[in-house]
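S.K.: Structure here, sequence nowhere to be found:
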């Protein structure tokens, strides 16, 4: 594993001490194979953002497929979709179907930007909302192509927070692999009520504007994760499914453990060993990390 | 009945005592004799003479009507804040909610509360009652000294403090007292942890007080207190990073900054003034007039700043034990 700077080592140590103080020696490893990913817009998206270009919608089930198929082992649903041109997932266009889906199992909704009225209505079907929080105007503009601002994201978060359980998601390195507004995001969230934070990490994806970009440096991700633990000593921190794989994942997953994260989705083998050496008792869950 | 710090009473015209310095915050104290029995605190005592004090200060009692009338003129006396401190009452937070109701009738000044609360719901109720900031006092930095001096576990108080800080962002404070058996490394680590978690810190030096179990102990060396004070200031202002601090045998030897940079940052002397809520100066809370001042209640003069910074720089050069 690459060597990291002494300052990051110290931050990780501090973060670990803080975690030891407030959380039991337990870690949850999640293999979310009982949550079905559903897109309300099929494979289409009006934004086609620089990091995704709709690529991740391809593998999701359509609402129709989800409702037509037997429930089988599926316990819950991650409902996402492409966005409309304003950065909203058009959930209301499929309201009847979503109500039907909600009757089958808990929904984790990706909503994008919402008004207060929308948040209130969404709360009727959502068990939890996963909300991508972006704390930097340039990133919103460059990656999503939206003219929305941090204020809009903050406003939407507050609306959701008022009515429903919401887990802010921070994508580290979203702006083409550069850690830019992420620390600002933490500062914004520190002024809000937060029940847990999920972190994901930018992965360069073929066929997107950012395909040739690098992943954010693993040690910078470590610094960010440790800082988050220290800024939110009692808040559960999750490392979500969206992150690069391979050796990089081995590195960041291990850092996440040392930074005192509470849940890691599909951890790399090295992280499972590390959990053992850190004396953490492992539990396994089978649904989306936000649920 | 409510108690006022001697300086507050003098400023508000309720006593004729003349003071060397006047407070910029009105300090109120609710109750006499506390359910908590912290060894450093006179209010954990049963002796009537000892109970007159909190910190170095005496707290005469006044009828509420009298105080109410005086407080309505507080702003015109230059007061910027009200600090309501309370012993741990048998009735829990009820008496505090009553006081808040009365205070809100007479003044719009922001109210800071320092009191024992049991959970975050109580904190939220007090905020709803109009409290601007709440302090959950950690006081003792070293966890095992905490158990000896305050009783109970530091971890539990920290957990409550952070829980409140997450539920009531920007509204939580704590008090830390230097010189209660902690090392400088422990002190600054605690400071860094609290600041990162968005908790405001009011830093104090331990004062041995007559009639308490700790009356024969020594206050912390001023040079050590200065290092903690400066470190606290640098971290708070984001001018230095804790991971760059260097310690020798747990005594601070470097802030990880160039000497000139450090001088520039500290050159206005703010680092050595009373810290905590805005508008709080607590004159002579830690020291007698005329003695070395731990927390300046006013802006430092050019000479005072230069001398203090110089001494700080000199003390950093000395390794532990010298």
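M.R.: Sure thing, it's come through. Here the structure is a predicted model, which is why all the values come from computation and not from measurement.
S.K.: Find the residue closest to the residue in the stretch 51-200 of chain A that chain B sits nearest to in space, skipping its chain neighbours.
M.R.: The nearest approach of the stretch 51-200 of chain A to chain B comes at residue A:191, 4.7 Å away (Cβ to the nearest Cβ). For every residue, glycine as well, the C-beta is placed using N, CA and C. Leaving out its chain neighbours, the residue that sits closest to residue A:191 by Cβ to Cβ, 6 or more residues apart in numbering or on different chains is residue B:169, at 4.7 Å.
S.K.: what's the one you found in contact with, if anything?
M.R.: A:190, A:191, A:192, A:193, B:198 (Cβ atoms under 8 Å, 6 or more residues apart in numbering or on different chains).
S.K.: Does the fourth one touch residue A:161 like I think?
M.R.: What that stands for is residue A:193. Yes. Between residue A:193 and residue A:161 there is a contact under Cβ atoms under 8 Å: 6.0 Å.
S.K.: Comparing those two, which shows the higher neighbour count?
M.R.: Higher neighbour count among residue A:193 and residue A:161: residue A:161, with 18 against 14, using other Cβ atoms under 10 Å in any protein chain shown.
S.K.: any idea which helix or strand carries the more buried one?
M.R.: Under the criterion of DSSP states H and E, residue A:161 resides in helix A:150-163.
S.K.: Could you tell me the angle between the helix or strand following that helix and helix A:150-163?
M.R.: Using DSSP H and E, the next helix or strand after helix A:150-163 towards the C-terminus is strand A:166-172. With axes from the mean of the first three to the mean of the last three Cα atoms, to 10 degrees applied, the angle from strand A:166-172 to helix A:150-163 works out at 150 degrees.
S.K.: Check which strands are paired with strand A:166-172 and give the direction for each one.
M.R.: Using DSSP bridges, the strands paired with strand A:166-172 are strand A:128-132 (parallel), strand A:197-201 (parallel).
S.K.: Provide the contact partners of the first one at residue level.
M.R.: By Cβ under 8 Å, 6+ apart, the residues outside strand A:128-132 that reach it are A:78, A:106-112, A:122, A:156-157, A:160, A:164-171, A:198, A:288, A:290-291.
S.K.: quick revisit: surely the residue of the stretch 51-200 of chain A closest to chain B touches residue B:170?
M.R.: Yes. Counting by Cβ under 8 Å, residue B:170 is a contact partner of residue A:191 at 6.2 Å.
S.K.: tell me which parts of the stretch 101-250 of chain B are close to chain A?
M.R.: By Cβ under 8 Å from any Cβ of the partner chain, the residues of the stretch 101-250 of chain B that approach chain A are B:155, B:158-159, B:162-163, B:166-167, B:169-170, B:189, B:192-193, B:196-198, B:241-244.
S.K.: Restricted to buried residues, select these in PyMOL.
M.R.: Here is the PyMOL selection string for the buried members of those, based on 16 or more other Cβ atoms under 10 Å in any protein chain shown:
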select buried, chain B and resi 158+162+163+166+167+189+192+193+196+197+198+241+242+243
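S.K.: Mind checking which of the residues of the stretch 101-250 of chain B next to chain A are in helices?
M.R.: Mapping those onto helices (DSSP state H) picks out B:155, B:158, B:159, B:162, B:163, B:166, B:167, B:189, B:192, B:193, B:196.
S.K.: can you pull the contacts of the fifth one?
M.R.: Think residue B:163. Residue B:163 makes contact with A:234, B:120, according to Cβ under 8 Å, 6+ apart.
S.K.: Can you tell me how far it is from residue A:15?
M.R.: 18 Å (Cβ to Cβ, to the nearest Å).
S.K.: nearest spatial neighbour of the residue most central in space within chain B, skipping sequence neighbours?
M.R.: With distances taken as Cα atoms, centre = their mean, the residue of chain B nearest its centroid is residue B:202 (4.0 Å). Using Cβ to Cβ, 6+ apart and skipping residues adjacent in sequence, the residue nearest residue B:202 is residue B:276, 2.9 Å away.
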